[in-house]
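*Asks:* predicted model and sequence below, questions to follow.
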Amino acid sequence: MIFHCVRSANNIVQDTCKKFVADDGRLNFDFCVKSLGSDSKSHEMDLDGLGLIAVKLLDANYTGTIEYIKQLQKQISEPRLLKALSLCLRVYNFLDIKELIPVYKAKRHADAGMLVSAVLTNEETCDTQVSRTKGMVPPLTKHNADIYQLSGIALKIVAILRERAKGM
């Protein structure tokens, strides 16, 4: 009995990621495990704690991508790519993601879900715009992919927590 409890606690990250990948084949299991497991205490957390890890990582990646776009704009001279990067920067800057962590911590799951959905929409808009610059290697592919994955993970967690809160 004790072994089972310890085993369950140690596997929460992997079990959660398996469920998410089974529900949405676009999510990457290894990315999910690495992300949610990035906090040394993640294996002791419940789903709410894993969600906090996800939204913190999403916030950091989103903010980092904005800074990366600004750096690229200084280095790139190709007009079509500059135009695409400018659109991405406008799209990313439009959303005030600084509210995500406080909203999540306040257990305002519907609001957190809307913010994460907006992040996902921004990523898709930017990714589409930059990938249209034919003949060039899209410079935001990795950043956009990470934001997509983190958004998907956070959305899954928020949706589960929202459903649990309704059932109480």
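*Replies:* Sure thing, it's come through.

*Asks:* quick check: which element contains residue 90?
*Replies:* Assigned by DSSP states H and E, residue 90 belongs to helix 79-94.

*Asks:* where does residue 67 land on pLDDT?
*Replies:* With respect to pLDDT, residue 67 scores 96.

*Asks:* try the one 10 residues further on
*Replies:* Model confidence at residue 77, expressed as pLDDT, equals 89.

*Asks:* report how many residues lie close to it.
*Replies:* 7 (other C-beta atoms under 10 Å). In this view, the C-beta of every residue, glycine as well, is placed from N, C-alpha and C.

*Asks:* phi, psi of it?
*Replies:* When read as degrees, to the nearest 10, the backbone of residue 77 gives phi -120, psi -10.

*Asks:* need the residues that contact the helix holding residue 90.
*Replies:* The contact list for helix 79-94, computed with C-beta atoms under 8 Å, 6 or more residues apart in numbering, reads 62, 65-66, 69-70, 72-73, 76, 122, 125-126, 129-130, 132-133, 136, 139-140.

*Asks:* again, only using 10 Å
*Replies:* With contacts defined as C-beta atoms under 10 Å, 6 or more residues apart in numbering, helix 79-94 is touched by 62-63, 65-66, 68-70, 72-73, 76, 78, 118-119, 121-140, 143-144, 147.

*Asks:* could you list every helix and strand in contact with the very next helix or strand once past that helix?
*Replies:* Next helix or strand after helix 79-94 toward the C-terminus (DSSP H and E): helix 100-105. Helix 100-105 sits against helix 47-75, helix 109-131, helix 141-167, with contacts defined as 3 or more C-beta pairs under 10 Å, 6 or more residues apart in numbering; DSSP states H and E.

*Asks:* got a markdown table for those, with mean neighbour count and distance to residue 91 too?
*Replies:* Listed next are these as a markdown table, based on neighbours: other C-beta atoms under 10 Å; distance: least, C-beta to C-beta, whole Å:
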| stretch | mean neighbour count | distance to residue 91 |
| --- | --- | --- |
| helix 47-75 | 17 | 10 |
| helix 109-131 | 19 | 5 |
| helix 141-167 | 19 | 11 |
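
*Asks:* wait, residue 130 touches residue 145, no?
*Replies:* No. The pair residue 130 and residue 145 does not pass the contact test of C-beta atoms under 10 Å, sitting 12.0 Å apart.

*Asks:* which non-adjacent residue is nearest the residue positioned nearest the centre of the chain?
*Replies:* In the chain, the residue lying closest to the centroid (C-alpha atoms, centre = their mean) is residue 150, at 2.2 Å. In space, and not counting its chain neighbours, residue 150 is closest to residue 58: 4.2 Å by C-beta to C-beta, 6 or more residues apart in numbering.
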